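*Asks:* model the following, please.
(chains A, B, C and D)
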There are 4 protein chains.
Amino acid sequence: MGASGEEKTHLANAAGQAMFARDRAAQALGITLVEIRPGYARMRMTVRPDMVNGHDTCHGGLIFALADTAFAYACNSHNRNAVAQHCTITFVKPALKGEVLTAEAVEQTLQGRNGVYDAKVGNAKGELVALFRGNSRVIAGEVAPHAHGTGTKEPS
Amino acid sequence: MGASGEEKTHLANAAGQAMFARDRAAQALGITLVEIRPGYARMRMTVRPDMVNGHDTCHGGLIFALADTAFAYACNSHNRNAVAQHCTITFVKPALKGEVLTAEAVEQTLQGRNGVYDAKVGNAKGELVALFRGNSRVIAGEVAPHAHGTGTKEPS
Amino acid sequence: MGASGEEKTHLANAAGQAMFARDRAAQALGITLVEIRPGYARMRMTVRPDMVNGHDTCHGGLIFALADTAFAYACNSHNRNAVAQHCTITFVKPALKGEVLTAEAVEQTLQGRNGVYDAKVGNAKGELVALFRGNSRVIAGEVAPHAHGTGTKEPS
Amino acid sequence: MGASGEEKTHLANAAGQAMFARDRAAQALGITLVEIRPGYARMRMTVRPDMVNGHDTCHGGLIFALADTAFAYACNSHNRNAVAQHCTITFVKPALKGEVLTAEAVEQTLQGRNGVYDAKVGNAKGELVALFRGNSRVIAGEVAPHAHGTGTKEPS
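*Replies:* Next up is the predicted model:
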């Protein structure tokens, strides 16, 4: 409130870039941040040969890691630090070696400090690979401390 | 039924070793299989510098990956192929760079093809890091096809 | 496949009415079926004085029951018997005595026998009360055995 | 801290009785509080004719309601008000009309204001009916305001 839509998008981008610069795990997994807006993030990851299990399909933990990363960026997109509390994932379809996966996380609700975000993981054909839901909680601090364009106050 | 406890443990080990040999993702994450028994698996992972997020704590997706791996080995320990369907995780305490994490997965129920496994992730001080619950489904085929000591038949 | 959109909607209605006639629990809770279409159901429930807990707000178990009922009708709307396997719910806002709650369940995916349905529970002001996700599995049999307009076969 | 084991058990009982006296929903469902201790509660419910769905088995929402109630009493047993945030349930075996179900909720962790409780629902034969996990959050206030034997302070 107080910040315009343009300012909020600017802030979301500042927060996303600040997070990604420090996010060694996402970098090591080859995850890229494709798009970030207030309450929304889209990330991409290619299933590398060192990401498959014995069935030559992507390890479920790494599909989760991609979805969880999109969730993290979406719930931090308001430039208030937020952490994951509880997540669920349903595996719908295996992902094969070499496939490019996209995870899109969308805010469902943010009441006070509690948020719920749904992420869908899909392959390049647009087929659904997994459905993820993350519950976040806002904690103290800002993601990108010196970002402009916000009058946001910590909720009580 | 028909197989003795010793045979079942032998099978669980054979299944675990066969899985691990093919599990490039677990290997790449530095996960090791510490112990496997029927309906049980314990795995270990050290939080490497390339596994942390912007807070210098282990990426939640990789804590999940460790728990999910212990779950996978526990639900495949009967040497019948089983896949993850649905998983949930609650993050209790952050894990720091350099910490050694252990995930212990224990079968809660296995009715026909449907199983539920709980995994606890803890650090070296014995503190709880995360609580995981995985729902599995048995599919066709054996994990270690030529392992001896089983009279197990596919359920109908 | 083979059935037209109109036939499918007819079937969904037949399945919904057949279910509701036998569903003593939904009737006893005062739940009504407002709308049913293939992969979709909307149900309504008023928070009665005997549905509240010590805070004079609706017992979480009954908010779940409403969401779970909408989920059940949505996943049975194809006239193939389906059962709930695993459900999650996040409570967003309390519901007060006398409030009319609506649960709307929407199919997210149905691959073979496995389905995922999201249900939102809201109050009369359109505020979100709870977010529910249900995982279903199709089993043998039809919901309304003599309903016309289907060439649906049991999946293998 | 400061309170002895006996005092804590006394408080748990006081909290449980205060909750139950106000809990019209639990009363209307015929749920009884069998046992309550710090971090633990056991509740019982008989599957009445008005609790079954079209398959003559207990409505999943009411199995959840029983488990959720045991969870609520367990997480309020420290006499600090606590609310459910997020719950999951896996349905293992149907419950028939007339069966007596027992739900036993056990605290898995309580870190600051965040708790996780597992509840198992079983029938009279000791068979597992459902596995439930609830995430709670402590809020302001006490359950039984004038109960003796506690030095508990609100966490910051």
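
*Asks:* bridged to residue A:131, which residues?
*Replies:* Following DSSP bridges, residue A:131 is listed with bridge partners residue A:90, residue A:120.

*Asks:* with residue A:108 as the reference, measure out to it.
*Replies:* Separation of residue A:131 from residue A:108 (Cβ to Cβ, to the nearest Å): 13 Å. Every C-beta, even on glycine, is put in place using the N, C-alpha and C of the backbone.

*Asks:* anything in contact with each of the two?
*Replies:* Listed contacts common to residue A:131 and residue A:108 are residue A:118; contacts here mean Cβ atoms under 8 Å, 6 or more residues apart in numbering or on different chains.

*Asks:* pull the contacting residues for residue A:23.
*Replies:* Contacts of residue A:23 by Cβ under 8 Å, 6+ apart are A:69, B:53, B:54, B:59.

*Asks:* just the ones of those residues in helices?
*Replies:* Among those, the residues falling in helices (DSSP state H) are residue A:69.

*Asks:* show me what from chain A comes close to chain D.
*Replies:* Chain A comes close to chain D at residues A:85, A:86, A:88, A:114, A:135, as judged by Cβ under 8 Å from any Cβ of the partner chain.

*Asks:* go back to those residues and keep what's next to chain C.
*Replies:* A:88, A:114, A:135.

*Asks:* got these as CSV, with distance to residue A:34, pLDDT and neighbour count columns?
*Replies:* Converted to CSV, these look like this (distance: Cβ to Cβ, whole Å; pLDDT from 0 to 100; neighbours: other Cβ atoms under 10 Å in any protein chain shown):
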residue, distance to residue A:34, pLDDT, neighbour count
A:88, 24, 98, 22
A:114, 27, 97, 19
A:135, 24, 98, 25
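
*Asks:* closest one to chain D out of the residues you listed, please.
*Replies:* For these, the residue nearest chain D by Cβ to the nearest Cβ is residue A:135; the value is 5.5 Å.

*Asks:* compare residue A:131 and residue A:108 (neighbour count), which wins?
*Replies:* Neighbour tally, residue A:131 and residue A:108, criterion other Cβ atoms under 10 Å in any protein chain shown: the higher count belongs to residue A:131, 22 against 19.

*Asks:* among the ones next to chain C among the residues of chain A next to chain D, which one lies nearest to chain B?
*Replies:* Taking Cβ to the nearest Cβ as the measure, chain B lies nearest residue A:88 of these, at 4.5 Å.

*Asks:* just say helix, strand or coil for that closest one.
*Replies:* Secondary structure assignment for residue A:88 (DSSP: H, G, I helix; E, B strand; the rest coil): strand.

*Asks:* pick out the most distant pair among the contacts of residue A:23.
*Replies:* Largest separation among the contacts of residue A:23 by Cβ to Cβ: A:69 and B:54, giving 11.5 Å.

*Asks:* for these two, indicate the residue with more neighbours.
*Replies:* Between residue A:69 and residue B:54, counted using other Cβ under 10 Å, the more crowded position is residue A:69 (28 against 19).

*Asks:* I'd assumed residue B:62 was in contact with the more buried one.
*Replies:* No. Using Cβ atoms under 8 Å, residue A:69 is not in contact with residue B:62; the gap is 10.6 Å.

*Asks:* what about the residue nearest the centre of chain A, distance to residue A:134?
*Replies:* With distances taken as Cα atoms, centre = their mean, the residue of chain A nearest its centroid is residue A:70 (1.5 Å). In this view, residue A:70 and residue A:134 are 9 Å apart by Cβ to Cβ.

*Asks:* what sits in contact with each of those two?
*Replies:* A:105, A:119.

*Asks:* what sits closest to residue A:71 if chain neighbours are left out?
*Replies:* Excluding its sequence neighbours, the residue lying closest to residue A:71 (Cβ to Cβ, 6 or more residues apart in numbering or on different chains) is residue A:134, at 3.8 Å.

*Asks:* any idea how far chain D is from residue A:45?
*Replies:* Relative to chain D, residue A:45 is positioned 26 Å away (Cβ to the nearest Cβ, to the nearest Å).

*Asks:* try residue A:66
*Replies:* Distance, residue A:66 to chain D, by Cβ to the nearest Cβ: 22 Å.

*Asks:* that residue touches residue A:103, doesn't it?
*Replies:* Yes. With contact defined as Cβ under 8 Å, residue A:66 and residue A:103 form a contacting pair (4.8 Å).

*Asks:* taking chain A, what residue is nearest to chain D?
*Replies:* Nearest to chain D, among the residues of chain A, is residue A:86, at 5.0 Å (Cβ to the nearest Cβ).

*Asks:* what's the closest non-adjacent residue to that residue?
*Replies:* Spatially, and ignoring its direct neighbours in sequence, residue A:86 is nearest to residue A:135 (4.4 Å; Cβ to Cβ, 6+ apart).

*Asks:* end to end, how far does stretch A:90-98 reach?
*Replies:* Taking Cα to Cα, to the nearest Å, the first and last residues of stretch A:90-98 lie 22 Å apart.

*Asks:* ok so, going back, secondary structure element holding the residue nearest to residue A:71?
*Replies:* Using DSSP states H and E, residue A:134 sits in strand A:128-142.

*Asks:* so what does that strand touch, helix or strand wise?
*Replies:* Applying 3 or more Cβ pairs under 8 Å, 6 or more residues apart in numbering or on different chains; DSSP states H and E, we find strand A:128-142 packed against helix A:60-75, strand A:80-91, strand A:100-111, strand A:114-122, strand C:80-91, strand C:100-111, strand C:128-142.

*Asks:* centre of the chain to the shortest one, how far?
*Replies:* In this case it means strand A:114-122. 8 Å (Cα atoms, centre = their mean, to the nearest Å).

*Asks:* again with the second one
*Replies:* Here the centre of mass of C-alpha atoms in strand A:80-91, compared against the chain's by Cα atoms, centre = their mean, lies 9 Å away.

*Asks:* same question, the first one
*Replies:* Averaging C-alpha coordinates over helix A:60-75 and over its chain gives two centres that are 5 Å apart (Cα atoms, centre = their mean).

*Asks:* do the third one as well
*Replies:* The chain centre lies 7 Å from the centre of strand A:100-111; the measure is Cα atoms, centre = their mean.

*Asks:* what about it and chain B, touching?
*Replies:* No. Using Cβ under 8 Å from any Cβ, strand A:100-111 never reaches chain B; the gap is at least 10.6 Å.

*Asks:* having no further points to raise, I will conclude here.
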